[in-house]
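Visitor: here are the coordinates; sequence isn't available:
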């Protein structure tokens, strides 16, 4: 380590120390320890253009240890990103700043992934590397490498303890993602205690067992050449993802707090800040940036512009040779959809018989696949059940890097993080699928998809107690409600095959995550010549069948319960009851409609309402009101053929009719 | 393998095959492949008493691969458990049977853990081994080993792919749980595909890296001696948990489906059943049990009675020597609580100043700890923040096996499964803690705790946007709602220190899981001389402050928003508005009250109601009704000091007052 390098590294350290101290909140320890490796990567290897954070072929850098956010903000500032100014660093963790407590993608250009919940970033990086590999294979042509970058991440002890990381690492090893390079800040301290109290496994051996290329840098505090050499060796590796275990001291430089948990998640305090600056020969001045260090880092601006210009020249040559591909590349990365996809969505006729919505989903996905080559995804070892395989397309495997069918294995949480990572990368629309009940296993990632507003599709099948024989461990009950509870998540539970088609149309047209909730069991295809068109789904809820006069009662249902509502309505009509049936596949879409539309579907004047959904009733009160009633599944299910469960738990025409009549009576 | 052994093994196989075929639903492949190892363990090693599945010192056996439930049911039937009769096997997967699709603890005596969601059983076993270790240390005395058993599990490829397993395995290795012995059914096939498509890591090397003792049995289909020898070697190991990789053929014996995914999760079909019986020389008769095999298995009844009788003799001697300990042992395992614990719960005075409910929780836990020696638990690397450390008690570490403080590391999901495992074991009341937002990471286990009705305490702190500077990744918004959505879960969000005390009282008095939702920030201690006593918590919701006449409006709040409601009420009273303030720490407890109590708290006649909770508003409509309004946090939070967030997101006296006045106006 030469003097200039030390100066530059200490600049990162003290920007982090000072910002955390000013905010009186944050995590100084990681930036202080990891500054040398971050410096090495960002000044010697990282291919990026600070003035264009959206350059498609930039290297991706993920700070999986998101609590060390000031490390990233310092790097973004020093290398010249417009998003993080000195003023923003001084507003660290303040309301409305570009420097929130943990990094937030899109909020702060240059931040590649929203991290903080540990392990997410690790899995995101795996997704980015998969995206890069697929795009390489899809776009590159001999002599034209327009997609060719690395994915780096900085990961911590906490990241490596998380299960999502284990899952993602195992899959990355299997896939031989050789362009994935992770720096592990091996500092032996986590928030609460030294890792000796909880985490004594042999990490290098574990990653070797996953099929990773593992290197160790013993003095990560000062051995810049060692770090640089390891990164170079990782780049040279062509068969395996790389883990570089960089042994560091958390809170490096702090005379009294280095190498302790005290420096993990709390400001050093004014005295220790002063002592640390003294120990490392640093001026007392806050947010001090020496000119030499600044210049060294800011070289990234020119270097980045040059790198992108060279790439642009290559891209222009590519565009001349392959105009269609070049146009497609722009469509992919522009977030647009190629023409013709909407027409590909099939229309289903009642005569074709009943169909499980998971099956229809498979038909629609397969109809879309040829039109949308950037649609890529897979399942957590359940493709035969979730019907998400794209037929006629390869699996993503080391030998078939252009494969669009991702096999995640029984690794739901990693699937979530990887799908998010593909979306972060840009250029692709990813999906992931499993049984609805196992959405619980990946909720950490689902939440981030909503927080970051990622365009991803979660395809959840086997959506209720009507799973049947597998029993209560496999029967979702509370999952629809708990997905609806996530801000920014759109949950759609289609009633039949044609609503499935419209659900895909809606999901693909917009941005942000969508959870599709699909049945295991067959559902009748609603006769749209007799009832309203499925396009009503685009309003979230719509009048499917109506009474000729003002309705006496409104039946509101989603998914498999819509047909039940129609049957009950028929019975009620026989008794001269005026019934409206509202299909309500999505609360969130409905809530976004104008008030007069909402009023037209659920007029305040009709108080007699019955909601029917084979999940917990929580929240349906909003639509049924004080006088209404809810037919729901507020207890766990049971193991039995599903038609028996329908009877046992009361999802029957008789019960709906009874509830409707009772509600009408009560409101008269 | 001798002929009798083969006969016995095939008996297991065909009971599974026939039951799955009869149900026309289920997973025959695993029982067919894993029958030899299960046979070996259950007939040569497992210490159990079929006629008393509750014998405290029995070995625990967990079928982590719960989809192979017929394997376990066949074993329970054959070895003589009363719960699983031949008739019950014939009712496999039928409504109300003792043989549901996946094993359910308590529902079927002899089933030690509810499994099916993969990885849960793996973590449960780790919890059982921790429980055994703690109880050994707590109860055993020289010459008196009254706690001394093994914990076994049968785990699958799918289990080993799950992140929860990685977390639990790493911790088990760290803790050197040498009495944990896992048989891995290494059959290279998962539901959707061969593991070669997704799971090619070196499992033995991975487990060795975790610090496990790893053995391989290459011919798990017929090498009974090899399996037996490996189990014996595992028992002899005194430093490490054991993984025995038993290489088997899924669907062993099926001429056309063995070694394929087809046999994983579907019945063989009548023709293949016949072909398989023919191939293995088995009579065509359904549910055929040869006498010789039956006798061999049923020897477990006498052997089990004898083993328990011997233990009882040892226990009697122990009781004579250590009567107090023996009495305590009975209290522990009887699920009773020793006297005096309720008196230990402190009462907090307003004069002591404001306190975060997480801090009070720490005080209460520490007050209870000396009175309740079977209270044991810990945190996912957040003890300094969640305040769950029991001061003056050891950590659970290899050198301190009597430690009550469990350090789970950054492994939320394993914490969930391990805490559940401790509860399944019996004798202990376990708790686990992390930030509320990370309850998402362990939701798979939380769900099972509710499904199985386990007496566990989930202590979730940092309960709202008032986490502040850490920002939206760390600020729960939807988590309270999504925990409430789980059937059987009781969620309690105390308003102040004294409600915390009552929450612990309530939680410990009853069975079933409780989620405590606690604040990061200080909350005033409500003056109970002016307002109603905190004991009202035992009704879920209670009138904390009331108007002297019929109230014009009811403010309903939980947790940190109760004090806000009181402040708003004071303002409203200044304007001569009659206000009732209802503290509603728990929906579930309130719902369990008689209708007249509910009516007395929230009378139908008072339509003007405002609910206030710093989480999504979903479901509050139930209590506010058509005319009411909800002040909630229906979007993600932000990074800023929490008092700024209160203003930015409208958790202010002004907004509550405004909403109250508006609601009153609208209802007049």
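Guide: Happy to help now that I have it. Every value quoted in this text rests on a predicted model; they were computed, and no experiment measured them.
Visitor: burial measure for residue A:665, as a count.
Guide: Applying other Cβ atoms under 10 Å in any protein chain shown, we find 9 residues neighbouring residue A:665. Any C-beta I mention is one placed from the backbone N, CA and C, and that applies to glycine too.
Visitor: Name the residues of the stretch 501-650 of chain A found near chain B, please.
Guide: Counting by Cβ under 8 Å from any Cβ of the partner chain, the stretch 501-650 of chain A comes close to chain B at A:616, A:618-619, A:621-622, A:625-626, A:634-636, A:638-641, A:644-645, A:648.
Visitor: And those residues, which of them are buried?
Guide: Applying a neighbour-count criterion of 16 or more other Cβ atoms under 10 Å in any protein chain shown, the buried members of these are A:616, A:618-619, A:621-622, A:625-626, A:636, A:638-641, A:645.
Visitor: residues in the stretch 1-150 of chain A within reach of chain B, list them.
Guide: Applying Cβ under 8 Å from any Cβ, we find that the stretch 1-150 of chain A lies next to chain B at A:23, A:25-26, A:66, A:93-97, A:100-102, A:104, A:114-118.
Visitor: The closest residue to chain B within chain A: what's it in contact with?
Guide: Chain B sits closest to residue A:163 of chain A, with a gap of 2.2 Å, by Cβ to the nearest Cβ. Neighbour list for residue A:163: A:119, A:413, B:162, B:163, B:164, B:165, B:166, B:167, B:411, B:413, B:414 [criterion: Cβ atoms under 8 Å, 6 or more residues apart in numbering or on different chains].
Visitor: hmm, which two among those are most spread apart?
Guide: Pairwise distances across these (Cβ to Cβ) peak at 14.6 Å, for the pair A:119 and B:165.
Visitor: Quick check on these two: which one has the bigger neighbour count.
Guide: residue A:119 (32 against 29).
Visitor: ok, that one - contacts?
Guide: A:64, A:159, A:162, A:163, A:164, A:165, A:168, A:413, A:417, A:444.
Visitor: Neighbours of the closest residue to residue A:558 other than its chain neighbours, how many?
Guide: Nearest residue to residue A:558, sequence neighbours excluded (Cβ to Cβ, 6 or more residues apart in numbering or on different chains): residue A:493, at 4.3 Å. Neighbour count of residue A:493, defined by other Cβ under 10 Å: 33.
Visitor: Now the closest residue to residue A:294 other than its chain neighbours. Its backbone dihedrals?
Guide: Spatial nearest neighbour of residue A:294, excluding adjacent residues (Cβ to Cβ, 6+ apart): residue A:78 at 6.8 Å. Dihedral pair for residue A:78: phi -70, psi -40, per degrees, to the nearest 10.
Visitor: could you pull out the strands for the stretch 51-200 of chain A?
Guide: Ranges of strands within the stretch 51-200 of chain A are A:60-63, A:151-156, A:180-186, based on DSSP state E, counting those that start in this stretch.
Visitor: does the last one come close to chain B?
Guide: No - looking at strand A:180-186 against chain B by Cβ under 8 Å from any Cβ, there are no contacts, and the closest approach is 13.8 Å.
Visitor: Direction included, what does that strand pair up with?
Guide: Here strand A:180-186 has these sheet partners by DSSP bridges: strand A:151-156 (parallel), strand A:242-247 (parallel).
Visitor: For the ones you listed, give me CSV that also has distance to residue B:276.
Guide: Converted to CSV, the strands paired with strand A:180-186 look like this (distance: least, Cβ to Cβ, whole Å):
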stretch, distance to residue B:276
strand A:151-156, 48
strand A:242-247, 45
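Visitor: Buried deepest among those, which one?
Guide: Comparing those by mean neighbour count (mean count of other Cβ atoms under 10 Å in any protein chain shown), strand A:151-156 ranks first with a mean of 28.
Visitor: Please state the offset of that strand from the chain centre?
Guide: 17 Å (Cα atoms, centre = their mean, to the nearest Å).
Visitor: coming back round to it: looking at the strands of the stretch 51-200 of chain A, which is closest to residue A:657?
Guide: Taking Cβ to Cβ, strand A:60-63 is the member of the strands of the stretch 51-200 of chain A nearest to residue A:657, at 55.5 Å.
Visitor: any idea how chain A splits into domains?
Guide: Domain segmentation of chain A under automatic domain parsing yields A:3-304, A:342-517, A:534-667.
Visitor: need these in TSV with mean pLDDT, can you?
Guide: Shown next, in TSV, are the domains of chain A (pLDDT from 0 to 100):
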stretch	mean pLDDT
domain A:3-304	97
domain A:342-517	98
domain A:534-667	97
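Visitor: Among those, which comes closest to residue B:215?
Guide: Closest to residue B:215 of the domains of chain A is domain A:3-304 (Cβ to Cβ; 16.2 Å).
Visitor: What segments of the stretch 401-550 of chain A are strands?
Guide: Shown for the stretch 401-550 of chain A, the strands assigned by DSSP E, counting those that start in this stretch span residues A:405-407, A:429-435, A:457-461, A:490-492, A:514-517, A:522-523, A:542-545.
Visitor: Output those in CSV; the columns should cover mean neighbour count.
Guide: CSV is the format used below for the strands of the stretch 401-550 of chain A (neighbours: other Cβ atoms under 10 Å in any protein chain shown):
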stretch, mean neighbour count
strand A:405-407, 26
strand A:429-435, 27
strand A:457-461, 26
strand A:490-492, 24
strand A:514-517, 27
strand A:522-523, 20
strand A:542-545, 22
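Visitor: List the contacts of residue A:37.
Guide: A:154, A:183, A:185, A:217, A:220, A:227, A:244, A:246, A:248.
Visitor: how near is the last one to residue A:293?
Guide: The gap separating residue A:248 from residue A:293 is 20 Å, by Cβ to Cβ, to the nearest Å.
Visitor: Mind checking which of the two has more residues around it?
Guide: Using other Cβ under 10 Å as the criterion, residue A:248 and residue A:293 rank with residue A:248 on top: 28 against 21.
Visitor: And the contacts of residue A:119, which of them are buried?
Guide: A:64, A:159, A:162, A:163, A:164, A:165, A:168, A:413, A:417, A:444.
Visitor: Just the buried positions in stretch A:94-101, please.
Guide: By 16+ other Cβ under 10 Å, the buried positions in stretch A:94-101 come out as A:94, A:97, A:98, A:99, A:100, A:101.
Visitor: any chance of these in TSV, with distance to residue B:15 too?
Guide: TSV is the format used below for the buried residues of stretch A:94-101 (distance: Cβ to Cβ, whole Å):
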residue	distance to residue B:15
A:94	66
A:97	65
A:98	64
A:99	63
A:100	58
A:101	57
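Visitor: and stretch A:386-401, how far out from the chain's middle?
Guide: Centroid separation for stretch A:386-401 versus its chain: 21 Å, with Cα atoms, centre = their mean.
Visitor: Kindly report the same for stretch A:215-234.
Guide: 32 Å.
Visitor: how long is that stretch from one end to the other?
Guide: 9 Å (Cα to Cα, to the nearest Å).
Visitor: what does stretch A:643-663 give?
Guide: Stretch A:643-663 has an end-to-end distance of 26 Å (criterion: Cα to Cα).
Visitor: Give the buried residues for it.
Guide: Burial within stretch A:643-663, assessed by neighbour count using 16+ other Cβ under 10 Å, is assigned to A:645-646, A:649-653, A:655-661, A:663.
Visitor: do stretch A:316-336 as well
Guide: Applying 16+ other Cβ under 10 Å to stretch A:316-336 flags A:318, A:319, A:322, A:325, A:326, A:328, A:329, A:331, A:332, A:333 as buried.
Visitor: now swap in stretch A:353-372 and tell me
Guide: Quick answer for stretch A:353-372 (16+ other Cβ under 10 Å): A:355-369, A:371-372.
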